[in-house]
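Asks: need coordinates for the following:
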Amino acid sequence: MLALTGPATAAADGRDAGVSLDALEKSVFGEPVFGPLEQLRALVAEGRWSDAVRRLTALRFRLRPIDPKLVERLTRVLYFPLIRAASDLDYREAKALIGEFTRGAEPLPIDPRWNRLWALTWEGPQGGVDEAEQYWRAYLKDLETVPTLAPEERTLAQALVLKHLGEFYLAEAVDFAEDPFGPGRIDREVKDLRQQAVACLEESLRLAPTHRATYHKLRDAYRKWDQPAQALEVARRLLERFPDDFETWVYLAEHHYRRDEGVEALEATLRARTLRPLDQALAHHEWGVRVLLARQLALQGRFEEGRAEFAAAERADPARSQGFQFQARKAVFELKAGQADQAESLIADAQDRLVEPTPLWLALSIEAVRYQLAKVDRDRLEARWINALSKRPRSETAGALADLMGAFVAGDKDYAGRAGHLKQVADYLRRTTRIKYRLEDLVHVCAFLGLLPKERDLFEKMVKRGLKLFPESPNVLIMAGSLELEKGPFRGGNLMLARKHFEKALERAKASSDPADVKLVPKIQESLSQLADLTSGPMGLPFGPFGGFGGGGPNLFETIRHFVGMGVDDFFDDEDDEDDYDDDDDEERPPRPAPAPRRAKGGGKRKKK
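Replies: Residues are numbered from 1 along each chain as shown. Coordinates of the predicted model:
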């Protein structure tokens with residue numbers, strides 16, 4: 001305190017009472033402490049970890065007489081920065097650095113034999129599953145005897161370690177599945193990693209059956225692996241423990257809906273709505289489920305009940321009930337019920353909602369098939385659609401057609417004649433490459449074409465048209481950047497151009513007064529971050545979330561829909577997140593380094609590239 005006031009302090013009697021910081025430390029601690037601590041801080045800041053670690057032993061013995069907790073605190077301060085530093089070293093250097101640290105630092109009560117530290121270190125590029133698992137298993141045994149934990153805490157700690165190990169296996173499975181080198185072993189290795197992940201997560205649930213996040217992790221893993229039966233079983237187990245789990249009720253609603261199980265889907269949706277009655281997304285869900293139920297009831301001849309479901313759908317989401325697609329469904333429902341006059345009235349009302357009725361005739365033709373109308377009615381409505389296709393192309397019609405068909409492709413909903421309708425709509429869009437588009441219509445058209453691998457040339461042409469008509473639109477710039485990423489290096493993709501498009505999209509979105517544009521900002525920033533990772537990776541190749549070497553197919557559409565959205569009508573949006581295996585633990589964790597190339601079991605250690 002005296003030292004902070006200046007180089008010297010005058011005493012009351014006027015004598016020189018100057019006291020140095022070293023003298024104060026010696027009088028209080030017996031020897032200087034602040035100086036060595038400042039030297040350690042400087043060495044760490046400069047990245048001179050070997051020199052810093054060599055000073056730990058002396059500091060440890062200086063701090064312990066003052067307060068033993070200070071020695072533990074010093075270990076905690078250095079713990080994760082040390083792991084990050086080790087991740088930048090090769091295998092031998094990292095091993096030597098961690099080994100020297102464990103000899104000089106004070107072990108933490110929660111990690112008495114340093115097995116946790118070694119496990120976290122070998123999750124980096126120097127090691128892998130084999131090395132990390134060895135230390136995590138040893139750490140599980142350490143937790144059996146850690147004196148600072150109560151019995152219930154000990155069990156929970158072991159469960160969390162197993163959960164973390166399961167997440168590590170999940171991440172390794174994802175990394176290896178995306179590895180373009182070694183396809184001969186991919187299936188076998190990925191299957192093995194997944195099995196071990198499930199075993200760890202199940203063991204974690206056995207120890208801590210009330211840990212909600214572990215159920216979520218296991219359920220989401222099965223979903224990503226397209227194993228719906230297993231995911232459903234985990235969801236039901238979770239609801240037995242947590243009947244108020246909102247996410248799981250939404251998952252069940254989507255699960256049953258996609259399987260046309262209307263009654264079960266509605267039950268799950270309504271349970272979710274009781275938990276969040278003001279959630280607008282749930283209102284969309286309920287609307288879609290009730291429209292599905294109306295069709296199923298019509299097929300059973302239960303028309304009054306079906307009309308009640310339509311009415312309930314309108315109450316659930318009035319805005320969504322204003323579209324021509326909804327009117328088309330109601331009209332075909334009445335045709336199925338034998339109420340031709342009512343159907344014609346609904347068709348006339350739907351026509352008033354459109355600039356011109358071409359999209360309505362397509363919607364009616366589709367629903368005629370789905371409602372299993374008589375052949376004469378199906379043929380009549382299909383003929384109206386075919387005749388309407390000959391009209392002069394318009395922006396509004398193109399956007400509506402793309403939105404309508406995109407819902408069936410995105411929702412993976414098939415019906416007799418869908419392939420023909422897709423071709424007819426694509427042919428119509430091919431006639432629109434020179435018209436004056438509205439922005440919202442062009443966005444729907446590009447999102448739809450991104451779903452169709454056979455229409456890549458048309459999609460690219462439409463994106464270029466968008467850049468010409470709307471060069472400042474964040475949505476168009478995003479699609480242009482996504483297109484370059486999707487092409488990949490072997491199809492002429494330009495990552496620098498992709499970056500340019502995304503950066504301009506970010507600039508325009510930040511400057512926009514449109515709330516929809518402002519919502520794009522964090523998503524564009526995320527994409528720029530991913531792009532930076534791709535260009536700094538091995539050979540700068542765009543592996544990962546954009547379809548590998550230009551994979552095509554739905555990947556591009558999902559990327560675009562991630563940004564700009566798409567009206568998927570009564571179908572639920574997929575809510576899969578790229579790499580959803582995040583960490584739910586509260587403790588700070590070091591960032592997971594990019595995976596190094598895998599090695600065969602029994603081989604030498606991997607070295608950082």
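Asks: which ones are touching the closest residue to residue 497 other than its chain neighbours?
Replies: Nearest in space to residue 497, with sequence neighbours left out and distances taken as CB to CB, 6 or more residues apart in numbering, is residue 484 at 5.3 Å. All C-beta atoms are positioned from the backbone trio N, CA, C, and that covers glycine. By CB atoms under 8 Å, 6 or more residues apart in numbering, the contact list for residue 484 reads 493-495, 497-498, 501.
Asks: same check on residue 299?
Replies: Counting by CB under 8 Å, 6+ apart, residue 299 has contacts 336, 371-372.
Asks: pLDDT value on it, please?
Replies: At residue 299, the pLDDT value in this model is 96.
Asks: likewise for residue 277?
Replies: 93.
Asks: work out for me the element it sits within.
Replies: Under the assignment given by DSSP states H and E, residue 277 is not contained in any helix or strand.
Asks: before we move on, back to that, any quick PyMOL command for the buried ones out of the contacts of residue 484?
Replies: A single PyMOL command selects the buried members of the contacts of residue 484 (16 or more other CB atoms under 10 Å):
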select buried, resi 493+495+498+501
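Asks: how close does residue 156 get to residue 216?
Replies: 17 Å (CB to CB, to the nearest Å).
Asks: now the contacts of residue 299 in CSV, with distance to residue 440?
Replies: Shown next, in CSV, are the contacts of residue 299 (distance: CB to CB, whole Å):
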residue, distance to residue 440
336, 33
371, 30
372, 34
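Asks: how about residue 169, nearest residue that isn't a chain neighbour?
Replies: residue 197 (3.6 Å).
Asks: my guess is that neighbour meets residue 164, correct?
Replies: No. Between residue 197 and residue 164 there is no contact under CB atoms under 8 Å: 11.1 Å.
Asks: and after the host helix or strand of residue 40, which helix or strand comes next?
Replies: Assigned by DSSP H and E, residue 40 belongs to helix 34-45. Tracing the chain past helix 34-45, the next element assigned as helix or strand by DSSP H and E is helix 49-54.
Asks: what does that next one rub up against?
Replies: In contact with helix 49-54 (CB under 8 Å, 6+ apart) are residues 40, 43-44, 78, 82, 85, 97, 100-101, 104-105.
Asks: next secondary structure element downstream of the longest helix along the chain?
Replies: Ordering each helix of the chain by length in residues (DSSP state H) puts helix 151-177 first. Remark: after helix 151-177, the chain's next helix or strand is helix 183-207, criterion DSSP H and E.
Asks: and that following helix, how far out from the chain's middle?
Replies: The chain centroid and the centroid of helix 183-207 are separated by 21 Å under CA atoms, centre = their mean, to the nearest Å.
Asks: and it, what does it pack against?
Replies: helix 151-177, helix 212-224 (3 or more CB pairs under 8 Å, 6 or more residues apart in numbering; DSSP states H and E).
Asks: and stretch 36-55, what's buried?
Replies: Applying 16+ other CB under 10 Å to stretch 36-55 flags 37, 40, 43-44, 49, 52-53 as buried.
Asks: where's it relative to the chain centroid, distance-wise?
Replies: That offset, for stretch 36-55, works out to 39 Å (CA atoms, centre = their mean).
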